[in-house]
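Colleague: Based on what follows, work out the 3D shape:
(chains A and B, ligands or ions: 2)
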Amino acid sequence: MLAMVQNTENKEDLSTLKARKFSLWLGMIGMFMMFAALSSGFIVYTEGAAGRGIKTILPTAFLYSTLLLMVSSLTMHLAYRASRQLRFSLQKVWLLLTIALGVGFFFMQFHAWGILISRGVVFINNNASQSFIYIFTGMHLLHIFAGLLVLIRALVGVLRHIPQSRNIFRMETAAIFWHFLDILWIYIYVFLLLNQ
Amino acid sequence: MSQITLSHSEEHHEAHGHHHETFLSKYVFSQDHKMIAKQFLITGIIMGVFAMFLSVLFRLQLGWPDKDFPILETFLGKWAEGGRIKPEFFLSLVTIHGTIMVFFVLTAGLSGTFSNLLIPYQLGARDMASPFMNMLSYWFFLTACVIMIGSFFVESGPAAAGWTIYPPLSAVPTAISGSGLGMTLWLTSMTLFIASQVLGGINYISTVLNMRTKGMDFWKMPLTIWAFFLTAITGLLSFPVLVSAVVLLIFDRSFGTSFYLSDLVVQGQILPNEGGSPILFEHLFWFLGHPEVYIVLMPALGLTSEVISTNSRKPIFGYHAMVYSLIGITVLSFIVWGHHMFVTGMNPFLGGVFMITTLIIAVPSAVKSFNYLATLWRGNIRFTPAMMFAIGMVSFFISGGLTGIYLGNSSLDINLHDTYFVVAHFHLVMGSASIFGMLCGVYHWYPKMFGRLMDERLGYLHFWVTFIGAYLVFFPMHFMGIDGVPRRYYAFTEFPFMAKWLTVNTFITWAAIFAALGQVAFLVNFFGSIRWGKKAPQNPWGSNTLEWTTPVKHIHGNWPGEIPTVHRWPYDYSKPGHEEDFIPQTVPFSATMSSNLPHDFEGNPEAERLQKEWEVQNKPEEQKDLKG
Ligand code: HEM
Ligand SMILES: [Cu+2]
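Modeller: Ligands and ions are numbered 1, 2, ... in the order given. The predicted structure follows:
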């Protein structure tokens, strides 16, 4: 009850938090535009002349990394739910698991690159369609790196017992961003699958 | 539970806790939107002066291609051996001039200054949605500026592939000296710049959507806010595309990929890159590049709308049409980029599609022009310096926009592409129009920024010299372009058919020097008035918008007490029945019974009833007229 009274008092602060969350959505639109540009660049390039194209079957490692990321989205959601229910130790466990899965995704992508390279599908390539695979996955991996930082920040928050309203805010933004990275990866994966 | 209450009091403290300010937190790492606006403006002015100086240098070369200027050697050193600018350096000058003017002055300097200043002020917000991101945005921008100027101090010179940095010239470091370290610095600087713009833009959009004061619905927002808002959306959707283009370019330059490169022989050496397509870069670049020209223009349109309405003492003509044409321009600007590529071997059918979309964009542009003229028509015009610049902006927008219609025809463009006709077109419609919009904003909101007024006589001098100078510089270029004189050439002495244009070039250079000197009047006025200007009253122009209800002396949070509530649109100037010729947005209709009109109430039956009762009591003769 007391909290509710203060809520109305702090309307201005609340609208600031709302605006910040909104900023995250806008940022994601910007990131999406970057990948949309790469996709259309890929199409324009690949259609430009015969003899271009991915010309290889994507390694199954990409399928595994997709599964890893999807599971991590689930654990992220559970962590967020735990934080809302004030079950902080559960929140920490799920968060840690999410981070671990994210790191696993990281290494799985490197592994997939290794497989591609062993097949001769290298980055420095006169068929730039194949270079594009690395650009897509590499740029996405950079975003995953940023996402891991956000997750760690949320984890540090709950370890340090920051106030609940801020804890929830951090968890909420982390969850939105992490789900976005998941969806972005699925988009990239499907896009590449359709063009392999 | 106790944890929850604690959190709120803490947050409260955080939000209003900037009480003890140090010099660093107030002037340098400021998070206050007013200070950040001033930082953007002053940085933008410095960059503008620098880029203008570069243009005078290359105009010297074009004006007197056979003459030596020994003084140039003293401060340019090996770039002007024997007092004559080298061809490579000429290209660097043109490139950096274009880059700084388009991006650093007219994008960051213009949006950065006025979006930061006016979005919180005119919407009734205490600050931006995220003041911290706002500060980051400025520091990224400043770093980008330093790197861009720093590229003049490297051995191989600044980037020289034009502001559009087309590969392969920009992608092959051995092609020209400017494509070495200078290009790397250019790319670094622009990456920081894009980060700055995206951070800023996200903040502007978020603030407009979430932090409007009570009563400020979308259709009560001043046109300035609409323009900044749509500009930020345009930037958010287009700048990331440039990031993608630049990433691929960086890999081509430094790692040996072949996104853009193919079949190249540079200085007798066959390059290994095969299969790339430079046209791909052009597509990606112009997908940003065309929206970018509107990112430059729209804030200028917003500022002048406000200034013209205020100083005509008339409501803006066709407020809704102005908003819809801005929206139309925003949408259309994403589907016309192909008009920069008509002669790249584009499929003629595709060229036709881009031609049609390009010509359609002339419609909202024309709507805006007519609305400006209709607002001025029979207005009670006050020719303040800001108003002069606003009218000048309309003039350039019209005269430069007309030539766009010629260029937009794909068949005419075969002749006109890459000639001085294009240079004339975009310097009038983008360069001059936006700079005039920006200067109009500076003169008009100077009292809000610095609490003092600028000198009017210097303002008029500045206006006339710049206005006449700009036309003298750019108008003759149309004729050169029609005759086929190409842009970005170092000298026109080798081709007999261009010989007749040499004297015109000399004339243009004199005009450019004249216009450049005119800016001294501005600089003296701007920097001098910070100290010595007349003290400004709270609302010097009799304006309706919210920023003029804040105290002259800047305070943290903008309004000392509660944030004002908005009751009406911002353009109630010279409303019949009201004793004053303006009614600020904060005045409720109940205080202006004598001037209310039926459509003011938006169908609110209670308000309509009250108004009717009042009219029966106070204006019985009119009621009789109606009955009789
Ligand atoms: C009536 C609307 C307009 C039309 C139909 C139009 C059309 C064109 C066309 C077809 C070109 C390409 C010319 C060529 O390279 O061969 C062009 C170039 C250009 N336009 Fe416009 N334009 C219009 C308005 C504007 C506006 C409002 C701006 C900026 C505020 C602008 C800025 C530019 C710039 C910067 C270039 C040259 C870019 C470069 O090559 O360096 N234009 N315009
Ligand atoms: Cu264009």
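Colleague: Can you pull the phi/psi pair for residue 41?
Modeller: Answering for chain A, as no chain was given. phi -60, psi -40 (degrees, to the nearest 10).
Colleague: interface residues of the stretch 251-400 of chain B facing ligand 1?
Modeller: Within reach of ligand 1 by Cβ under 6 Å from any ligand atom, the stretch 251-400 of chain B has these residues: B:293, B:296-297, B:339-340, B:358, B:361-362, B:365. In short, each C-beta sits where N, CA and C put it, glycine included.
Colleague: what about the strands in the stretch 201-350 of chain B?
Modeller: Applying DSSP state E, counting those that start in this stretch to the stretch 201-350 of chain B gives strands spanning B:265-266, B:269-270.
Colleague: Please name whichever of these is nearest to residue B:150.
Modeller: strand B:265-266 (26.6 Å; Cβ to Cβ).
Colleague: Work out the sheet partners of the closest one and label each with its direction, please.
Modeller: Taking DSSP bridges as the criterion, strand B:265-266 forms sheet pairs with strand B:269-270 (antiparallel).
Colleague: Contact partners for the spatially closest residue to residue A:187 that is not a sequence neighbour?
Modeller: Leaving aside its sequence neighbours, residue A:187 sits nearest to residue A:35 (Cβ to Cβ, 6 or more residues apart in numbering or on different chains; 7.2 Å). Neighbouring residues of residue A:35 by Cβ atoms under 8 Å, 6 or more residues apart in numbering or on different chains: A:136, A:139-140, A:184, A:187-188, B:244.
Colleague: got a markdown table for those, with secondary structure too?
Modeller: Compiled in a markdown table, these are given as follows (DSSP: H, G, I helix; E, B strand; the rest coil):
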| residue | secondary structure |
| --- | --- |
| A:136 | helix |
| A:139 | helix |
| A:140 | helix |
| A:184 | helix |
| A:187 | helix |
| A:188 | helix |
| B:244 | helix |
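Colleague: farthest pair in those?
Modeller: The widest separation within the contacts of residue A:35 (Cβ to Cβ) is 14.9 Å, between A:187 and B:244.
Colleague: quick one: which of those two has more around it?
Modeller: residue B:244 (23 against 16; other Cβ atoms under 10 Å in any protein chain shown).
Colleague: shaky segments in the chain?
Modeller: The chain I'm using is chain A. A:1-13 (pLDDT under 70).
Colleague: meant chain B actually
Modeller: Using pLDDT under 70, chain B drops low at B:1-21, B:620-628.
Colleague: Quick check: can you list the domain ranges of it?
Modeller: Domain assignment for chain B by automatic domain parsing gives B:24-276, B:306-532, B:546-627.
Colleague: Compute the first-to-last residue distance for the longest one.
Modeller: Meaning domain B:24-276. 50 Å (Cα to Cα, to the nearest Å).
Colleague: what number of residues lie near residue A:62?
Modeller: Residue A:62: 21 neighbours (other Cβ under 10 Å).
Colleague: Quick check: it vs residue A:129, distance?
Modeller: 16 Å (Cβ to Cβ, to the nearest Å).
Colleague: same question, residue A:192
Modeller: From residue A:192 to residue A:129 the distance is 10 Å (Cβ to Cβ).
Colleague: With only the CA atoms kept, save stretch B:188-202 in PDB.
Modeller: C-alpha atoms of stretch B:188-202 as PDB (Å, rounded to 0.1, in the frame of the first residue of the first chain):
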ATOM      1  CA  THR B 188      36.600   5.600 -37.500                       C
ATOM      2  CA  SER B 189      35.200   9.100 -37.100                       C
ATOM      3  CA  MET B 190      32.000   8.300 -39.000                       C
ATOM      4  CA  THR B 191      31.400   5.200 -36.900                       C
ATOM      5  CA  LEU B 192      31.600   7.200 -33.700                       C
ATOM      6  CA  PHE B 193      29.400   9.800 -35.400                       C
ATOM      7  CA  ILE B 194      26.800   7.200 -36.200                       C
ATOM      8  CA  ALA B 195      26.800   6.000 -32.600                       C
ATOM      9  CA  SER B 196      26.300   9.500 -31.500                       C
ATOM     10  CA  GLN B 197      23.400  10.100 -33.800                       C
ATOM     11  CA  VAL B 198      21.700   6.800 -33.000                       C
ATOM     12  CA  LEU B 199      22.000   7.500 -29.200                       C
ATOM     13  CA  GLY B 200      20.700  11.000 -29.700                       C
ATOM     14  CA  GLY B 201      17.900  10.000 -32.000                       C
ATOM     15  CA  ILE B 202      16.600   7.200 -29.700                       C
END
